[in-house]
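A.B. asks: could you look at this predicted model? Sequence included:
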Amino acid sequence: MVKRGRLRVFLGAAPGVGKTYSMLEEGRRLLADGRDVVVGVVESHGRAATAALVTGLPQVARARVWHRGVELEEMDLAAIIDRRPELALVDELAHTNAPGSAHDKRWQDVEALLAHGIDVISTLNVQHIASLNDVVEQITGVPQQETVPDSFLRGADQLELVDLAPQSLRDRLAGGFVYPAERIDAALSHYFRLGNLTALRELALVWLADEVDQALKGYRAEHGIEGTWEARERVVVALTGGPEGETLLRRGARIAARSAGGELLAVHVTSQDGLRTAGPDVLAQQRALVDQLNGSYHQVVGEDVPTALVEFARSVNATQLVLGASRRGRLAAVLTGPGIGATVVRESGDIDVHMVNHAAAARRFALPPRTGALTARRRILGFVVALLGGPALTFLLTRVSTPDSITSDVLSYQLLTVIVALVGGIWPALFAAVFSGLTLDYFFIEPIYTVHIHEPLHLLALALYVTIASLVSFIVDRAARHTRAAKRSAAESEFIQTIAGSVLRGDDATQALADRTREAFQLAGVRVLAAGNGEGESAPPRVIASSGDPGADTPVTRVPLGEQATLELTGRPLAAAEQRLLSVVVAQLSVALDQQQLEQTARDIEPIAASDRVRGALLSALSHDLRRPLAAATAAVGGLRTAAANLTDADRAELLDTADESLAALATLLTDLLDVSRIQGGVLSIASVPTDPAEAIAPALDELGLGPAEVQLSLQHDEALTIADPVLLQRVLVNLLANAQRHSPPATPILITTSVFGGALEIRVIDHGPGVPRDRLDDIFVPFQRLGDTDNETGLGLGLALSRGFVEAMHGTLTPEDTPGGGLTMVVSLAEADGAAA
């Protein structure tokens, strides 16, 4: 049985990146190494460098196929199989073969070669991958008829991406290394736009990355590897708001950068366990650093910091978690239990945890709940200290006590009560005070071993002792409450500052507030809804902003935002303490919605203001630019009237010509002014019909008196028609040609081209004059703007403004572009008619 051949494909984002060149270079290298290599088919497209590489390589003559009276050349599959080389070079994998060939598609020919044991190297552009066909059409506007099935391509033994930066590819194209000169302008303005090339490049990289991921999964399955291999790192950095944050962020960024596609996420948790309050400027600086490191910043509110960190890390599928090392002393560890780092390590599961050392202590700042001054854990610990410390102290004192040591015994128990108050608050301390009072009476006050006091002074001392212990416990508990309240207020202020910062940085206000609210309260989803636009109460609400993905069965809380909007929260119900913080968010959302409404009102008013500005400019024009032709016409007519008898025929003809030219100029100016007014008022009358652009180009040239010496034509729209008003299109072309003629160097003709691309018919007026700086391109369309013209014979500066207005009224676009080699190219793009000319 014949062993199947191996397939190697060079993948590119667009034509011209160097796929065929790379294939031929590899073929020459393998031939030099002694491999039997033949060229099955190579399409050089007239590129000299590609054709030069073919020279010297063994080639199989192409088959000749006749189709409808035309001789076509195709790869000779049978001849290659008979030749049985080790390796065949087959260009353009997606090519469609001529009718009558062995297979419909060239990739099927390659499949046949592989089945006969022949290795194949081929080339393919990303737009020809079947699964990406619709995406490519959305990007470029061009549907691809020739595609290769993903299953065939994923079966290739080796896929290699031939990459070239988009601007470098455009430079190659402008230099004539990809297409002939007559196709450069159309290619640069259509398929090879910078945005198109960037999107296609990203598409190729993502598709190939997915293919590599699939190959990795296949390898693991083939070798029985069940453990997870995290090929892409997602690193979560826990920020406390302390000075160590910069160190942690940079360490996290380095970890993320070790793997392709690594992602950095910073999270700040505000909670109840004594997180140190940081100044707002510290977190603001750290957030700015996150942006510089191409990461994302998140803030959550959690009752327990370790749990909140781990839950957030799992929610974003994190692979690494970076924490600052704890600086707590041993006493703090005994009193409050394991630190945040130890708890996170215990609960993280398969998430790797990095404890990063730093110069500053990583204490955390608190957002305590309003359920008490101290946590239940602290109160329980206080009772434990009282229950264990009391007997231990009694045992020690009974061994060393004397009748004169009663004072030191009382102070010892007083110290125990203070310690219990510091640990557990008022209730454990009151318990310790009563318990120690009874112990003193039973073991140290005569008569001992009875709960009985002979001396009234001893009774008074015992009562004072219990009172003092109770007061100390109360003071400690009250101080804890005040400290906790202060920390919560600081955390709430920090949360509000984070929300305000998102808006001030230019984020969408309502969307930023929705995102921060969901993260802070750990909700399933948050939506801002406005009343529907339909009539009646049954109109569905309109979603202004949405964050998260709430389930259908989660509880929903709705909070009104004024009279026209509602904040919808899905997930757990909010505690009373959180409701107060939510009221601040509601107030911010109400202000943001009001701001959006004001901005919309301002946008609605802007056309009115623009019309007022145009009216003012029109009045200025009437007082300035109309004065010259009006004065000239008046003078000519006046001269004819007063001195008609004394004028020669030549003088009379000159005056008549002057009057005629001035009145014609005056009529043109008034027509332009009226057209501008109609465009600004939206009342321009348009009669769009299927139009052959040649029928508008020819009369425009006649009107300006331009012949073959001044204008060259390259009409490549075949029989395609465009939807346009023929009269307005002619006026547009007259304005564009007049402008191009005015700025073109002597003896340098203007070029007019037509082409069809992506459902649009384009007319390009190309000059080789001084051009226009990129930052001034939009200025040339401003009414009454001559962009450097200082003479008074160039009209009102309305030509290009009118042209753009006319084209947009016909639902098209007028776009300026740089002419390769210098100059300005004006591109008129109009919709292509459905039918062709008969």
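C.D. replies: Cool, got the structure.
A.B. asks: and the helix or strand where residue 516 lies, how far from the chain's centre?
C.D. replies: Assigned by DSSP states H and E, residue 516 belongs to helix 509-521. Helix 509-521 has its average C-alpha position 18 Å from the chain's average C-alpha position, going by CA atoms, centre = their mean, to the nearest Å.
A.B. asks: cool, and stretch 592-611?
C.D. replies: Here stretch 592-611 is found 26 Å from its chain centre; the criterion is CA atoms, centre = their mean.
A.B. asks: buried residues in that stretch?
C.D. replies: Judged by neighbour count (16 or more other CB atoms under 10 Å), stretch 592-611 contains these buried residues: 592, 593. Bear in mind the C-beta positions are built from the backbone N, C-alpha and C, glycine included.
A.B. asks: do a quick rundown of the helices in the stretch 251-400 of the chain.
C.D. replies: For the stretch 251-400 of the chain, the helices defined by DSSP state H, counting those that start in this stretch occupy 280-292, 305-315, 330-336, 340-347, 376-400.
A.B. asks: where along the stretch 651-800 of the chain do the helices fall?
C.D. replies: Counting by DSSP H, counting those that start in this stretch, the stretch 651-800 of the chain has helices at residues 693-704, 726-743, 799-809.
A.B. asks: which one of these has the lowest average pLDDT?
C.D. replies: Here the helices of the stretch 651-800 of the chain differ in mean pLDDT, and the lowest is helix 799-809 at a mean of 78.
A.B. asks: restrict it to CA atoms and write it as CSV.
C.D. replies: This file holds the C-alpha atoms of helix 799-809, laid out as CSV (Å, rounded to 0.1, in the frame of the first residue of the first chain):
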residue,chain,number,x,y,z
GLY,A,799,-17.1,73.4,-5.3
LEU,A,800,-16.0,70.5,-3.2
ALA,A,801,-18.6,71.3,-0.5
LEU,A,802,-21.3,71.1,-3.1
SER,A,803,-19.8,68.0,-4.7
ARG,A,804,-19.8,66.1,-1.4
GLY,A,805,-23.3,67.3,-0.7
PHE,A,806,-24.5,66.1,-4.1
VAL,A,807,-22.8,62.7,-3.7
GLU,A,808,-24.2,62.2,-0.2
ALA,A,809,-27.6,63.2,-1.4
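A.B. asks: okay, and the helix or strand of the protein with the least pLDDT?
C.D. replies: Least confident helix or strand of the chain, by mean pLDDT, DSSP states H and E, is helix 330-336 with a mean of 50.
A.B. asks: to residue 347, which of the helices of the stretch 651-800 of the chain lies closest?
C.D. replies: Each of the helices of the stretch 651-800 of the chain was scored for nearness to residue 347 using CB to CB, and the closest is helix 799-809 (60.7 Å).
A.B. asks: check which helices and strands that closest one sits against.
C.D. replies: Using 3 or more CB pairs under 8 Å, 6 or more residues apart in numbering; DSSP states H and E, the elements in contact with helix 799-809 are helix 649-681, helix 726-743, strand 813-818, strand 824-836.
A.B. asks: buried residues of that helix, list them for me.
C.D. replies: Under the neighbour-count criterion of 16+ other CB under 10 Å, helix 799-809 has 799, 800, 801, 802, 803, 804, 805, 806, 807, 809 buried.
A.B. asks: from the residues you listed, which is closest to residue 4?
C.D. replies: Lowest distance from residue 4 to the buried residues of helix 799-809 (CB to CB) belongs to residue 807, with 57.3 Å.
A.B. asks: tell me which residues touch the closest one, please.
C.D. replies: Listed by CB atoms under 8 Å, 6 or more residues apart in numbering, the contact set of residue 807 reads 732, 813, 814, 828, 830.
A.B. asks: most surrounded residue in these?
C.D. replies: Counting neighbours by other CB atoms under 10 Å, residue 732 leads the contacts of residue 807 with 30 neighbours.
A.B. asks: correct me, but that one touches residue 826?
C.D. replies: No - in this structure, residue 732 sits apart from residue 826 without contact. The criterion is CB atoms under 8 Å, and the distance is 9.3 Å.
A.B. asks: so what sits against both of these two?
C.D. replies: By CB under 8 Å, 6+ apart, residue 732 and residue 826 have these common neighbours: 803, 814.
A.B. asks: burial measure for residue 716, as a count.
C.D. replies: As a measure of burial, residue 716 has 13 neighbours, counting by other CB under 10 Å.
A.B. asks: so what's it up against?
C.D. replies: 753, 754, 755, 756.
A.B. asks: my guess is residue 409 is in a helix, correct?
C.D. replies: Yes - remark: residue 409 belongs to a helix, assigned using DSSP: H, G, I helix; E, B strand; the rest coil.
A.B. asks: what ranges do the strands span in the stretch 551-700 of the chain?
C.D. replies: Counting by DSSP state E, counting those that start in this stretch, the stretch 551-700 of the chain has these strands, from start to end: 556-561, 565-570, 689-691.
A.B. asks: nearest to residue 74, of these?
C.D. replies: The stretch from these with the least distance to residue 74 (CB to CB) is strand 689-691; that distance is 37.8 Å.
A.B. asks: how distant is the closest one from the center of its chain?
C.D. replies: Counting by CA atoms, centre = their mean, strand 689-691 is centred 40 Å from the centre of its parent chain.
A.B. asks: tell me who's in contact with residue 116.
C.D. replies: Residue 116 sits next to 2, 5, 81, 84 when contact means CB under 8 Å, 6+ apart.
A.B. asks: let's verify the spatially closest residue to the first one that is not a sequence neighbour: helix, strand, or coil?
C.D. replies: Just to be clear, that refers to residue 2. When the adjacent residues along the chain are set aside, residue 2 lies closest to residue 117, with 4.4 Å between them (CB to CB, 6 or more residues apart in numbering). Judged by three-state DSSP, the three-state class of residue 117 is coil.
A.B. asks: number of residues surrounding residue 117?
C.D. replies: The criterion is other CB under 10 Å. On that basis, residue 117 has 15 neighbouring residues.
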